[in-house]
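Trainee: mind looking at a prediction? Sequence and model below.
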Amino acid sequence: MINTQHIGTPAKRVDGRAKVAGTAKYAAEFEAPGLTHGVVISSAITKGRIKKIDAGEALRLKGVLQVFSHQNRTKLADFDKSYSDLDSPPGAPFRPFYDDKIQFAQQPVALVVAESYELARYAALLVKIEYEQEPFEADFENRIGQAYAPEEYNSTPPPEPWGDADVAYSKAENQLEVEYFHPSQHHNPMEMHASTVRWEGDGRITVYDKIQGALNSQKYIMGVFGLAKEDVRVLSPFVGGAFGSGLRPQYQLFMAVMAALELKRSVKVVLTRQQMFSFGHRPKTLQRFSLGAAADGELRAIRHDVFAETSKFEDYQEDVVIWPGVLYKCENVKLSHKLVPLDVYTPLDMRAPGGTTGILGLECAMDELAYKAGLDPLEFRLKNYSEKDGNEGIPFSSKELRECYRQGAEKFGWYKRKKEPRSMKEGHNLIGWGMAHGAWEAKQKEASAKAILRVDGGLVVSSATGDIGTGTYTIMTQIAAETLGLPLEKVEFKLGDTSLPKAPLEGGSWTASSVGSAVKAVCDKLGQKLLELAQEKEGSPFAEVKFDEVEFRNEQMRLVKDPSIAIAVTELLRQNKMDSIKAKVNAQPAKEQQSKWARYSHSAVFAEVKVDEDLGTIKVTRVVSAIAGGRILNPQTARSQILGGVVWGIGMALEEYSVMDPQQGRFINHDLAEYHVPVNADVQDVEVIFVEENDTVVNPIGAKGLGEIGIVSVAPAIANAIFHATGRRVRELPITLDKLL
Ligand code: MOS
């Protein structure tokens, strides 16, 4: 049982002060004695080979230590595997400096290491590289004909068809065939990818890396360089946003480690903002729908066929087509996911990978079908509400989506909406109201934690997870404080260090559930040990008491039925002449129970846009996002997660676009001047609602995770609002004014 001293209260971030005061250090901010600096040189061509690298002029500069490339790279233990616990799509991973081949634009081809950053940067300009260019293929639209179904799907394979979608479609009174497209998009976290490698002597290194799981970087380094675990410690105490870009160890890690091992010096490598566009993105995707509904709007058939870009060396695939089965009740469904290979870097998971994409297409297409059937979009969704997961044929562990609709619609004022497009106006602005719903997986993964309670009353709990800005430090502190009845100030949570107990990558919205469950379990175990200590004492009032008959409050252990029988936890240690008491656990998901239930968080998003009739400019003036995400551990950090998702959804709908120039084969807007993201002026009234949802199946703490559910249904709600405002369907993101005029 979790009681309510800290859980569910809006605690401020425990790391907030360190962040605003600048004492929270990020990978590029760590120093080391005699630190050297590496600057990456990126390929000037998109495909071909390096004919010659002339580093002579650079190397003649005093203070330039080496120019690394495929010509002089270290002999490696094993360069052929991904060594990543996640995001290792089938195929051959990109290997920096492997040979003279260029596979994609901006491929890193050399690393210049010098005594100072400025010198390394200057020296990089002096390195002369000759290339031999080859023709490349970067034009997605032209290559759709060559799409293939991968031999192996790295995420969920498209669910097998059920019913007969083709026949049901041909008989349906309302038929809709549409295509939706969204471009490649990049993660663009504030913090650039960086690795600082401290040379500790004798082949040992300490690495500060930007990563969503320090263990992943350690595993990669051990595998590729053949180092022993004891010789590689990786730390990642703070991460300035990642959104999936830090799931996979990136090439700056390889380069910094290789240089440090070769030079026997400490090395720092930080990528530039431009280089942040060189290692993976949300893949551009074309989605084809054939949707059939009966005259009354009841869904009869769904066909959802997806074409998404991948690289020529890895088959990257994500969960784009699982959503019809999760979000709608339909007897006839057929799904496919095909890959279009291009000369680009392999796409990479980006916040709600697949969900953001698939739900965008599905929720816009369903909006169109609702209009065809003459139903209000919300009415249409209620009519086709899924009581079970159609993909697996199993019920949901909990699904308070109806309550999301109800509370969200009420807050938004949805019932005052006029149905006809272009029917709501305010001066020269057309007003549009749109909605969409969404879901995201509520997973739990195996995770470990340890805890140590000191005789001074301080508790330290730790696990090798990460906090990528999500609030992990804070909620883990809350769970620990709650479980052992301590004030937050007496609890310290440590993460981002390979010397700590094993945890999964921070991603997939599973950290709260996975690491949270481990933290809860380890504190319970410590509590049990404290009870045993009490029981050792002769005449103890706790002698015959079971663990569920005690509770921890106000730094005391006490009897549930008689709180006046209490003892301070520090007193228990003192009586036994102990400095501290420790516990360690490994928390496993209850697989058997979980396999009987489909586990998802849900959202309903309502959006208002104002479109200037003359200029075509679009403002998102209001968004209400209602979320069913299980137990909300901290309403304040939870709200921030959803707000972030809404902001990004606005960007996705209206602004974000990594422009691939098919002539050059490269993303031509690779900086924040040209790659547009929402600024304050783009974000107006945003309201977040958490509906109550009790789930005893997902995990012991009942939290479903909130990292991704906040984004999935925002862009389609906005796109649908734009249609309602203007009467025009724009089926290609981003929806910019030129497409509306
Ligand atoms: Mo997330 S895309 O699993 O960081």
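Mentor: Received it, and whenever you're ready, just let me know what you need.

Trainee: tell me the first helix or strand C-terminal of the helix or strand bottoming out on mean pLDDT in the chain.
Mentor: Of all helical and strand segments in the chain, the minimum by mean pLDDT, DSSP states H and E falls on helix 591-595, at a mean of 85. Following helix 591-595 in sequence order, the next helix or strand is strand 600-612 (DSSP states H and E).

Trainee: what about the helices in the stretch 451-600 of the chain?
Mentor: 472-484, 511-536, 569-575, 591-595 (DSSP state H, counting those that start in this stretch).

Trainee: how far out from the middle of the chain is the second one?
Mentor: Just to be clear, that refers to helix 511-536. 29 Å (CA atoms, centre = their mean, to the nearest Å).

Trainee: quote the end-to-end distance of stretch 113-131.
Mentor: End-to-end distance for stretch 113-131: 22 Å, by CA to CA, to the nearest Å.

Trainee: can you point out the buried residues in it?
Mentor: Neighbour-count burial for stretch 113-131 flags 113-115, 119-120, 122-124, 126-127, 129, 131 (criterion: 16 or more other CB atoms under 10 Å). Heads up, the C-betas are built off the backbone N, CA and C, glycines and all.

Trainee: okay, now the unreliable bits of the stretch 51-200 of the chain?
Mentor: For the stretch 51-200 of the chain, the stretches with pLDDT under 70 are 86.

Trainee: ranges for the helices of it?
Mentor: 56-59, 117-126, 140-143, 165-171.

Trainee: can you count the residues close to residue 668?
Mentor: 13 (other CB atoms under 10 Å).

Trainee: just the pLDDT for it.
Mentor: On pLDDT, residue 668 comes in at 96.

Trainee: roughly how far does it sit from the ligand?
Mentor: 25 Å (CB to the nearest ligand atom, to the nearest Å).

Trainee: which residue does the stretch 201-350 of the chain have closest to the ligand?
Mentor: Nearest residue of the stretch 201-350 of the chain to the ligand (CB to the nearest ligand atom) works out as residue 244 at 2.8 Å.

Trainee: which phi and psi does that residue have?
Mentor: phi 110, psi -20 (degrees, to the nearest 10).

Trainee: next: residue 229.
Mentor: Dihedral angles (degrees, to the nearest 10) for residue 229: phi -50, psi -40.

Trainee: returning to that earlier point: need the max-distance pair from the buried residues of stretch 113-131.
Mentor: 115 and 131 (29.2 Å; CB to CB).

Trainee: farthest residue from the center of the protein?
Mentor: residue 539 (53.4 Å; CA atoms, centre = their mean).

Trainee: next one, pLDDT for that one please.
Mentor: For residue 539, pLDDT reads 92.

Trainee: just residue 574 next, same as before
Mentor: 96.

Trainee: now residue 3
Mentor: So, for residue 3, pLDDT stands at 49.

Trainee: for the one 10 residues further on, same thing?
Mentor: Per-residue confidence at residue 13 stands at 96 (pLDDT).

Trainee: list the residues that contact it.
Mentor: 19, 471, 473-474, 637 (CB atoms under 8 Å, 6 or more residues apart in numbering).

Trainee: again, only this time at 7 Å
Mentor: 471, 474, 637 (CB atoms under 7 Å, 6 or more residues apart in numbering).

Trainee: same question for residue 433.
Mentor: 414, 417, 608, 721, 724.

Trainee: can you name the residues bridging to the third one?
Mentor: Note on residue 608: beta-bridge partners by DSSP bridges are residue 433, residue 622.

Trainee: that one: neighbour count?
Mentor: Quick note: residue 608 (other CB under 10 Å) scores 25 neighbours.

Trainee: now swap in the last one and tell me
Mentor: When neighbours are counted by other CB under 10 Å, residue 724 registers 29.

Trainee: and the one 4 residues further on, by the same measure?
Mentor: Using other CB under 10 Å, residue 728 has 15 neighbouring residues.

Trainee: wait, it touches residue 740, no?
Mentor: Yes: here residue 728 reaches residue 740: they are 6.2 Å apart, a contact under CB atoms under 7 Å.

Trainee: picking that back up, most neighbours, which of the contacts of residue 13?
Mentor: residue 471 (27 neighbours).

Trainee: now that one, nearest residue through space, not along the chain?
Mentor: residue 637 (3.2 Å; CB to CB, 6 or more residues apart in numbering).

Trainee: so which helix or strand takes in that neighbour?
Mentor: Per DSSP H and E: helix 635-654 holds residue 637.

Trainee: pLDDT of the following helix or strand past that helix, averaged?
Mentor: Using DSSP H and E, the next helix or strand after helix 635-654 towards the C-terminus is strand 660-661. Per-residue pLDDT over strand 660-661 has a mean of 95.

Trainee: show me what strand 660-661 is packed against.
Mentor: Strand 660-661 sits against no helix or strand, with contacts defined as 3 or more CB pairs under 7 Å, 6 or more residues apart in numbering; DSSP states H and E.

Trainee: just give me how far it sits from the chain centre.
Mentor: Per CA atoms, centre = their mean, the centroid offset for strand 660-661 relative to its chain is 25 Å.

Trainee: quick one: strands adjacent to that strand?
Mentor: Strand 660-661 is paired, per DSSP bridges, with strand 666-667 (antiparallel).

Trainee: now the element after the partner strand, going C-ward?
Mentor: Taking DSSP H and E, what comes next after strand 666-667 is strand 685-690.

Trainee: take that following strand, keep the C-alpha atoms, and write them as CSV.
Mentor: The C-alpha trace of strand 685-690 is given here as CSV (Å, rounded to 0.1, in the frame of the first residue of the first chain):
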residue,chain,number,x,y,z
ASP,A,685,-3.5,28.5,-23.2
VAL,A,686,-2.7,24.9,-22.3
GLU,A,687,-4.6,23.0,-19.8
VAL,A,688,-3.7,19.6,-18.4
ILE,A,689,-6.2,17.3,-16.7
PHE,A,690,-5.3,14.0,-15.1
